[in-house]
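Student: task: produce atomic coordinates for the following.
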Amino acid sequence: MSWRRLPWLNIKRINGSLRFCGVNQCNIQLDINSSCCMNLKYSRCSSRSLHLCKNVSQSSSGSERVSCSEHETTGTDDDKLLEFVVNGQQLQGALWIMLLLHASQNDFNTVLALLKKAKAEGLEPSVRVMRDVVRAFIKNKNVDAVLYFHSTRGQPEQLSHTSTADTTVNLCTLLVEGGRGSEALKILKEFLSLGCQEIREEELKKIKADCRKLLDIAADKCDFNLTRELFEEMMGAGWIQPENFTVVPLLQCKMNSGDLAGVVDVAEQIFQDYKLLPKRMQVLIALLKDYTDRGLDVSVLTCINTASDGSNNNDPISRLVSLITSCYGDVQARHDLFFACLESGQPTAAGQVLQNLGKEIDCAQVVKMCGLYGKAGREDALLHLLSIYQPGHASFASIRCNMYSALLNVYVTRGGEEGGSKALDLYRAMLSENLTPSPAFLTSLTHLLDAVGIELPPTLTSHT
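Tutor: Numbering: from 1, shown residues only. A predicted model of the protein is given here:
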């Protein structure tokens, strides 16, 4: 039967794609490139199943011949295993479509039945088809289906052909998500023991992202040994390299479990092994907040002295400051400690660090942090900074103007009468300090006060 005689079926060729669109809202799109590689897009919104018995060929004139038939959904419809002919090459198209269709619908039993029927007829789906089937089940998070194909089609002599790095990593991710970490680690080790496949450069980026996702999920489970072993196995395979974003889950795992002293242990080991020190500010802030919550005093000067003279100290904060000193130098370590004290609600300790820095204070870093605090709505940190940055400090007037501008951004974002009132207080405070607000500051303040219905003071009116 010619497709031209089927009014319910519309076939189009668009930029190398064959698109079959039925009136019963079945849509199948085949993307065929010059190397005869195909990608399938299928959608269905009815109970009828579209089965295409196809023989597609291209003549010298570029015409196409397609024969099609439609069947009601029955238990035997999927038994029709016919072939495509595309650019002279035969593909088991119907089998391929049916397998991917049911895998995408998470219909594991039908996929197994199709494979059984195919085997009875002497048909064997290609390695590529089975990989696509497995990836469809991964997308549906059907861990049992993925595990079945990994184990039953993954005999030692076949595993390197039917399983890939990305499907193995994603299977491990599903297992770890389900609390089956030891099983995931075993599968990963078995796959790697058979010898890794050569990974193309364009695939490596995705595999790295998949590995990071696996490590993040393991870290969320607060299982440090599992996270570390997964990291070591994947790094040994060359799937990941020791970089900040790949070692972060090791630190995060300890942070998630509340083991802050353990975080410092891990940070020291990472620095010793890879000369990396990620999340240093987050860890330092967490340690300082922990001291505050427990009512403990932070001896920041002891931390600084310990770091500078290299003496041993079991205090986690001192150890981390020493680590930052080794990595970034003494001045940066004190700046990190200064900002961490501000953000953790320790203005007195921050003032001590600021005094210790003296003329070594990096005004550019202070201005940068003011901007970041303003965007993040960190009113507390800015008020702490405002309270300790007094006359006599470097670039006093300029930096205080930046603090006031950052606070104004916080209040403009907050809006409302409270935001307007606090913004007006900032303006008055600047005038009392003989500071000159910038035109941008005055414009933002005026718009905010107008928006919330607060009358402009005479001094501000004269500027508008």
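Student: where does the stretch 101-250 of the chain have low pLDDT?
Tutor: 152-162, 196-197 (pLDDT under 70).
Student: phi and psi next, for His393.
Tutor: Main-chain torsions, His393, degrees, to the nearest 10: phi -80, psi 160.
Student: residues near it, how many?
Tutor: Using other CB atoms under 10 Å, His393 has 18 neighbouring residues. From N, CA and C alone the C-beta is placed, and that goes for glycine too.
Student: list the contacts for it?
Tutor: Counting by CB atoms under 8 Å, 6 or more residues apart in numbering, His393 touches Leu354, Ile361, Ile399.
Student: so what sits opposite it in the bridge?
Tutor: Here His393 shows beta-bridge partners Pro391, assigned using DSSP bridges.
Student: how much space separates it from Ile199?
Tutor: Relative to Ile199, His393 is positioned 54 Å away (CB to CB, to the nearest Å).
Student: same deal with Gln241?
Tutor: Using CB to CB, we find Gln241 at a distance of 13 Å from Ile199.
Student: neighbour count winner among those two?
Tutor: Remark: of Gln241 and Ile199, Ile199 carries more neighbours, 16 against 10, as counted by other CB under 10 Å.
Student: the more buried one - that's part of a helix, no?
Tutor: No: under DSSP: H, G, I helix; E, B strand; the rest coil, Ile199 sits outside any helix and is assigned coil.
Student: just checking, it touches Thr168?
Tutor: No: counting by CB atoms under 8 Å, Ile199 does not reach Thr168; the two are 11.8 Å apart.
Student: centroid residue for the protein?
Tutor: With distances taken as CA atoms, centre = their mean, the residue of the chain nearest its centroid is Lys213 (7.1 Å).
Student: and the chain, what are its domains?
Tutor: 1-124, 126-257, 260-361, 373-464 (automatic domain parsing).
Student: quick one: closest of those domains to Val367.
Tutor: domain 373-464 (5.0 Å; CB to CB).
Student: give me the distance from the closest one to the chain's centre.
Tutor: Computed by CA atoms, centre = their mean, to the nearest Å, the chain-centroid distance of domain 373-464 equals 36 Å.
Student: then stretch 192-200?
Tutor: For stretch 192-200, the distance to the chain centre is 25 Å (CA atoms, centre = their mean).
Student: also stretch 230-248?
Tutor: 16 Å.
Student: now do the buried residues in it.
Tutor: The neighbour-count check on stretch 230-248 (16 or more other CB atoms under 10 Å) flags Leu230, Phe231, Glu233, Met234, Met235, Ala237, Trp239, Ile240, Thr246, Val247, Val248 as buried.
Student: so who does the second one touch?
Tutor: It stands for Phe231. Leu215, Ile240, Thr246, Val247, Pro249, Leu250.
Student: assign a three-state SS to the first one, would you?
Tutor: Leu215 carries the three-state label helix when classified by three-state DSSP.
Student: quick one: contacts for the nearest residue to it once chain neighbours are set aside?
Tutor: Nearest residue to Leu215 in three dimensions, chain neighbours excluded: Pro249, at 3.9 Å (CB to CB, 6 or more residues apart in numbering). Contact partners of Pro249, counting by CB under 8 Å, 6+ apart, are Arg212, Leu215, Asp216, Ala218, Ala219, Thr227, Phe231.
Student: so, low pLDDT: which residues of the stretch 251-400 of the chain?
Tutor: In the stretch 251-400 of the chain, residues with pLDDT under 70: 309-312.
Student: sorry, back to before: now the domains of the chain in CSV, with distance to Val367?
Tutor: Converted to CSV, those look like this (distance: least, CB to CB, whole Å):
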stretch, distance to Val367
domain 1-124, 51
domain 126-257, 25
domain 260-361, 11
domain 373-464, 5
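Student: let me see the ranges of the strands in this structure.
Tutor: Assigned by DSSP state E, the chain shows strands spanning 9-14, 17-22, 26-32, 38-44, 84-86, 89-91.
Student: wait, doesn't Leu114 sit right on Met98?
Tutor: Yes: using CB under 8 Å, Leu114 is in contact with Met98, at 5.6 Å.
Student: list the contacts for Leu215?
Tutor: Counting by CB under 8 Å, 6+ apart, Leu215 has contacts Thr227, Leu230, Phe231, Met234, Thr246, Pro249, Leu250.
Student: can you pick out the most distant pair from those?
Tutor: Met234 and Leu250 (12.4 Å).
Student: before we move on, the earlier item: now for the buried residues of stretch 230-248, which pair is the farthest apart?
Tutor: So, the buried residues of stretch 230-248 by CB to CB: farthest apart are Ala237 and Val248, at 19.3 Å.
Student: distance of Pro391 relative to Asn434?
Tutor: Counting by CB to CB - Pro391 and Asn434 are separated by 11 Å.
Student: likewise Arg131?
Tutor: According to CB to CB, Arg131 stands 72 Å off from Asn434.
Student: swap in Ala145?
Tutor: Separation of Ala145 from Asn434 (CB to CB) stands at 73 Å.
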